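In: Below are the sequence and a predicted model; questions follow.
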Amino acid sequence: MKVQAYAAHKAKGELKSFEYELAALKHDEVAIEVTYCGLCHSDLSMLDNDWRITSYPFVPGHEIVGKIIELGSHVRHLKVGQSVGVGWNVASCLTCDECMSGNHNLCNSVRPTIIGRYGGFGNRVKAQSSWVFPLPEGMDDSKAGPLFCGGITVFSPLLQHHISPLHSVGVIGIGGLGHLALAFLKAWGCEVTAFSTSPEKEEEARKLGAHHFVSTHDKDALKKLSGRFDMVLDTVSADLDWNGYLKTLKANGVFHIVGVAGSVNARAGNLMGKKRVISASPTGSPSEIRQMLQFAARHKVEPMVEAFRMSEVNEAMEKLRNGKPRYRIVLEVD
Ligand code: NAP
Ligand code: ZN
């Protein structure tokens with residue numbers, strides 16, 4: 001089966017038409033005709049080889065939505081023609097302790113969709129059936145893609161840290177991940193505060209779910225919020241005032257990192273005195289993804305999307321590079 005995709009041949013290179021042969025399906029795999037694919041900042045970091053792990057030709061895309069066109073011989077729980085999504089991972093070993101305890105995303109041999117293989121910026125893709133998720137009834141295919149990376153990445157910390165409707169949560173960075181975090185937290189019932197470098201996002205952040213909006217250009221902003229939050233969720237790929245944010249946490253509060261920054265510079269004293277915790281997580285497990293989809297469908301949590309044709313992928317990448325999307329770009333296969 002041939003795939004018509006878009007690939008870059010060098011770091012920061014233009015994405016150009018690229019054809020490759022999809023390997024025959026293994027017994028537990030599923031082939032998908034891609035209809036839409038979201039554009040995540042991790043696609044851009046991989047394109048630029050920021051993490052020194054990109055191989056070229058590089059086909060980005062890990063917020064995939066499409067229809068199943070073929071099932072491996074052992075796949076029973078999915079159907080040809082079904083609308084499904086695939087996110088950051090396409091396979092895991094299914095036998096290690098992490099997989100056997102439901103934490104497949106922590107498996108040593110977990111296979112990310114765009115590392116060492118071709119991703120979803122093309123008309124077809126395949127994945128192990130345990131990483132392929134039917135869209136809930138009524139979910140809009142054109143908006144579902146971003147839930148499979150951005151959405152699950154900000155939803156999983158709510159489960160990990162047992163966030164309750166009584167909690168007050170801050171979200172740093174109102175981009176693809178951050179805007180979904182605001183929407184999930186609002187539906188979850190929390191008091192929600194958005195931290196942003198972009199004051200012009202205030203009105204939309206409030207509509208998305210923020211009760212409070214803090215412009216981080218205000219140098220005293222963090223001091224005024226001392227001891228305020230149960231969790232602060234960092235969705236930014238840049239260095240922050242780590243110690244300033246730690247002090248905004250209550251006793252036992254959690255600073256949870258999902259944005260990929262270089263290093264965290266935290267004073268031990270800012271953790272110790274109030275038993276504060278720093279944690280981080282990679283996307284989510286299959287079971288968490290299913291729970292996230294059900295919650296999103298029930299509470300009508302969906303991304304704010306900017307639509308591009310897949311053939312406009314280079315313009316879309318440029319828009320993301322300039323920090324302009326409001327708030328997630330989704331490419332539609334031409
Ligand atoms: P995005 O759409 O580009 O949004 C990032 C937001 O961060 C921007 O909209 C901006 O929000 C803020 N920001 C940008 N530069 C900043 C700076 N220098 N200082 C402070 N804030 C800044 O990116 P995304 O797709 O949401 O991804 C965010 C990060 O999460 C990336 O590092 C990505 O690789 C990572 N990621 C991690 C996982 C995981 O599994 N842990 C999964 C997906 C993505 P404001 O304008 O509001 O300040
Ligand atoms: Zn992503």
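Out: Structure received. Being a predicted model, the structure only gives us computed values, none of them experimental. Ligands and ions are numbered 1, 2, ... in the order given.
In: contacting residues for residue 225?
Out: Taking CB atoms under 8 Å, 6 or more residues apart in numbering, we find residue 225 in contact with 170, 193, 214, 248. (Glycine included, C-beta is placed from N, CA and C.)
In: Residue 125 sits in which helix or strand?
Out: Per DSSP states H and E, residue 125 falls inside strand 124-128.
In: number of nearby residues for residue 62?
Out: Residues near residue 62, counting by other CB atoms under 10 Å, number 28.
In: Look at it and give its secondary structure.
Out: Following DSSP: H, G, I helix; E, B strand; the rest coil, the label given to residue 62 is coil.
In: Now residue 31. Nearest residue, chain neighbours left out?
Out: What sits nearest to residue 31 in space, not counting adjacent residues and going by CB to CB, 6 or more residues apart in numbering, is residue 70, at 4.1 Å.
In: Kindly report the same for residue 152.
Out: Using CB to CB, 6+ apart and skipping residues adjacent in sequence, the residue nearest residue 152 is residue 284, 3.9 Å away.
In: these two touch, right, the one you found and residue 105?
Out: Yes. Under the criterion of CB atoms under 8 Å, residue 284 makes contact with residue 105 at 6.0 Å.
In: These two: who's more crowded?
Out: More neighbours surround residue 284 than the other of residue 284 and residue 105, with 28 against 24 (other CB under 10 Å).
In: give me every residue that touches whichever residue of the chain sits closest to ligand 1.
Out: The chain approaches ligand 1 most closely through residue 175 (1.8 Å), counting by CB to the nearest ligand atom. Counting by CB under 8 Å, 6+ apart, residue 175 makes contact with 41, 235-236, 323, 325, 327.
In: What backbone torsions are found at residue 193?
Out: Here is the backbone geometry of residue 193 (degrees, to the nearest 10): phi -120, psi 130.
In: can you pull the pLDDT of it?
Out: Note for residue 193: predicted pLDDT of 98.
In: Just the element for the residue nearest to residue 152, please.
Out: Using DSSP H and E, residue 284 is not contained in any helix or strand.
In: quick revisit: farthest pair in the contacts of residue 175?
Out: Greatest spatial distance in the contacts of residue 175: 236 and 325, 14.8 Å, computed using CB to CB.
In: okay, the two: which has more neighbours?
Out: residue 236 (23 against 20).
In: what's the spacing between that one and residue 65?
Out: 26 Å (CB to CB, to the nearest Å).
In: And residue 139, by the same measure?
Out: Here residue 139 is placed at a distance of 9 Å from residue 65 (CB to CB).
In: What separation do you get for residue 16 and residue 59?
Out: Taking CB to CB, one finds residue 16 at 11 Å from residue 59.
In: Can you pull the residues that touch both of these two?
Out: Common neighbours of residue 16 and residue 59, counting by CB under 8 Å, 6+ apart, are 6-7.
In: Looking at the two, which is more packed in?
Out: With neighbours defined as other CB under 10 Å, residue 16 and residue 59 compare such that residue 59 has more, 24 against 13.
In: Please name the nearest non-neighbouring residue to the more buried one.
Out: Spatial nearest neighbour of residue 59, chain neighbours left out: residue 118 (3.9 Å); criterion: CB to CB, 6+ apart.
In: and if you look at residue 159?
Out: By the measure of CB to CB, 6+ apart, the closest residue to residue 159 outside its immediate chain neighbours is residue 288, 5.9 Å from it.
In: pretty sure that neighbour belongs to a strand, no?
Out: No. Going by three-state DSSP, the assignment for residue 288 is helix, not a strand.
In: Count the neighbours of it for me.
Out: Using other CB under 10 Å, residue 288 is surrounded by 21 other residues.
In: For it, report the pLDDT, please.
Out: Here, the pLDDT recorded for residue 288 equals 98.
In: Whether the host helix or strand of residue 65 contacts ligand 1 - can you check?
Out: Assessed by DSSP H and E, residue 65 sits inside strand 64-71. No. Interface with ligand 1: strand 64-71 contributes nothing (CB under 6 Å from any ligand atom), its closest point being 14.0 Å away.
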